[in-house]
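Q: Whatever this is, show me its structure:
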Amino acid sequence: MTRRLDRRGYSRDVYLGPYMARPLDRPLPAGDVPSGYVVRSFLPDSELVERAGAAADAFAGMADAPPWLVDSARRMVEFRGPRGLGETDFVAVTEAGDIAAHAVVVLDSVTGIGELEGVGTRRAHVRRGLARAVVVAGLRHMLARGMRHAVVRTDADRTAAVRLYESVGFRVVDRLYRYVNRG
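A: Have a look, this model is predicted:
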């Protein structure tokens, strides 16, 4: 593939991040939920804005989700419905009902691969094990839905995310690079 890109005038540029995989036939780690939190499925009818806000805080440090992000979350939920594959977000919720962490789970019943997308924790709740708890809940859901493998991608500079995924059995299986046209 690289040679074909080279012949067409492209060269490898920036390292974007690891692509990680984990077989689901190996025992799953504990997903202990810290005191004061509950991990459960996201409730799209009542938590859409809160869920978008959690992503905005976790990934961009924004206190509130901009309207385009809320709309994106709404479209994600609408897309899942007709597929009927049991795709969902898992959320860690405080006793007050606030979403503190989340993990998106997307399933592909044809390949038997479940993907984690957008695992994040609100800044006020980091370093408590919440991301691990929602990731493990997502892995258990994948296994219950017949998935054989789980995959996740992250950015090269998110070393804490890489460590989290490694701690629950993921290994780097590929590295993603950006290619640019030299011409």
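
Q: In the protein, which residue sits furthest out from the middle?
A: Relative to the mean C-alpha coordinate of the chain, counting by C-alpha atoms, centre = their mean, the farthest residue is Gly183 (35.5 Å).

Q: Okay, helices next: where are they in this structure?
A: According to DSSP state H, the chain carries its helices in the segments 2-7, 44-60, 67-83, 130-144, 159-167.

Q: Isn't the residue farthest from the centre of the chain up against Ser11?
A: No - in this structure, Gly183 is not within contact of Ser11 by C-beta atoms under 8 Å, at 10.3 Å. All C-beta atoms are positioned from the backbone trio N, CA, C, and that covers glycine.

Q: Distance-wise, check the nearest residue to Gly112 once chain neighbours are set aside relative to Ile113.
A: The shortest distance from Gly112 to any residue other than its chain neighbours is 3.9 Å, reached at Arg148 (C-beta to C-beta, 6 or more residues apart in numbering). When C-beta to C-beta, to the nearest Å is the yardstick, Arg148 and Ile113 sit 7 Å from each other.

Q: Report the contact partners of the residue nearest to Gly112.
A: If a contact means C-beta atoms under 8 Å, 6 or more residues apart in numbering, then Arg148 has Pro23, Leu24, Asp25, Gly112, Ile113 as its contacts.

Q: and what of Pro66?
A: Taking C-beta under 8 Å, 6+ apart as the criterion, Pro66 is in contact with Ala56.

Q: Nearest residue to Leu130 in space, please, no chain neighbours.
A: Here the nearest residue to Leu130 in space, its sequence neighbours aside, is Ala101; by C-beta to C-beta, 6+ apart that works out to 3.7 Å.

Q: quick one: that neighbour and Leu176, what's the gap?
A: The gap separating Ala101 from Leu176 is 24 Å, by C-beta to C-beta.

Q: what's the weakest-modelled helix or strand in this structure?
A: Every helix and strand in the chain was compared by mean pLDDT, DSSP states H and E; the lowest is helix 2-7, with a mean of 81.

Q: Just confirm Arg74 contacts Leu48, I think it does.
A: Yes - when contacts are counted by C-beta under 8 Å, Arg74 is listed as touching Leu48 (5.9 Å).

Q: between those two, which one's more packed in?
A: For the pair Arg74 and Leu48, the greater number of neighbours falls to Leu48 (18 against 15), based on other C-beta atoms under 10 Å.

Q: Could you find the closest non-adjacent residue to Ala63?
A: Counting by C-beta to C-beta, 6+ apart, Ala63 lies nearest to Asp57, which is 6.8 Å off, once chain neighbours are set aside.

Q: what about that neighbour, neighbour count?
A: 21.
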